[in-house]
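*Asks:* need coordinates for the following:
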Amino acid sequence: MSKRIVPLAGALAAAAALAACGGSSKAPGVQLAPGGPTVASTPTTPKPPPALATKPVVTAPKGPAPKNLVIKDLVKGTGQPVAPGQQVTVNYVGVLYNTGAEFDSSWKRNQPFTTALSAGSVIPGWVKGLTGQRVGSRVELIIPPNLAYGKAGQPPTIPANSTLVFVIDVLSAQ
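*Replies:* Below is the predicted model:
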């Protein structure tokens, strides 16, 4: 089952940006869902704190991929904690654990996106990893295949059974 979102605003820009790297216009980390996540058509998120104002450099760790979800706080936010089911607005970068190759980034589209933090809207690793994180946080998630795209992967950018590394900035939650 696909676990991606088609951004409603900026889809053409996303398609053009991702076509250059062989990807699709769909954003990893989320899947299509009726009435699901959308990208704000106008900037509605507050100005990010300075620590979240620039795209992070994401480096895949060395060694064997972990079998369980790994959550690492990079910047501790001071806003409200995120709860499952809330609409969250985030910036993110996703790379493959094995190669470090970036497969998607909201930063490349120059626009954060908003999604429901729930099954059917995002991959399970996002729901588990972002729950409890505070607005203003930057968190690294290392997501094993069973909490990401599993045996199917998301060709051509995410091979089957891939462990993924995301750095996610939590900009707002409601």
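*Asks:* determine which residue of this structure is most distant from the centre point.
*Replies:* Taking Cα atoms, centre = their mean, the residue of the chain most remote from its mean C-alpha position is Gly63, at 22.9 Å.
*Asks:* that residue: which element?
*Replies:* Under the criterion of DSSP states H and E, Gly63 resides outside all helices and strands.
*Asks:* mind checking how far it is from Thr99?
*Replies:* Computed as Cβ to Cβ, to the nearest Å, the Gly63 to Thr99 distance reads 14 Å. No exception for glycine: its C-beta is placed from N, CA and C like everyone else's.
*Asks:* give me the beta-bridge partners of Pro81?
*Replies:* Taking DSSP bridges, one obtains Arg134 as the residues bridged to Pro81.
*Asks:* quick check: it touching Gly132?
*Replies:* Yes - Pro81 is within contact range of Gly132, at 5.3 Å (criterion: Cβ atoms under 8 Å).
*Asks:* for whichever helix or strand Trp126 is part of, packing partners?
*Replies:* Assessed by DSSP H and E, Trp126 sits inside helix 124-130. Counting contacts by 3 or more Cβ pairs under 8 Å, 6 or more residues apart in numbering; DSSP states H and E, helix 124-130 packs against strand 138-143, strand 164-173.
*Asks:* got the CA coordinates for that helix in PDB?
*Replies:* C-alpha atoms of helix 124-130 as PDB (Å, rounded to 0.1, in the frame of the first residue of the first chain):
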ATOM      1  CA  PRO A 124       3.700   4.300  11.200                       C
ATOM      2  CA  GLY A 125       7.300   5.400  12.000                       C
ATOM      3  CA  TRP A 126       6.100   9.000  11.700                       C
ATOM      4  CA  VAL A 127       3.100   8.500  14.000                       C
ATOM      5  CA  LYS A 128       5.200   6.800  16.700                       C
ATOM      6  CA  GLY A 129       8.300   9.000  16.300                       C
ATOM      7  CA  LEU A 130       6.500  12.400  16.300                       C
END
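*Asks:* pull the residues that contact that helix.
*Replies:* 29-30, 69, 71, 82, 84, 88, 90, 117-119, 139, 141, 143-144, 147-148, 164, 166, 168, 170 (Cβ atoms under 8 Å, 6 or more residues apart in numbering).
*Asks:* try it again with 6 Å
*Replies:* The contact list for helix 124-130 (Cβ atoms under 6 Å, 6 or more residues apart in numbering) reads Gly29, Leu69, Ile71, Val82, Pro84, Leu117, Leu141, Ile143, Leu147, Ala148.
*Asks:* the strands in this structure, which residues?
*Replies:* 4-5, 27-28, 70-75, 87-96, 102-105, 113-116, 138-143, 164-173 (DSSP state E).
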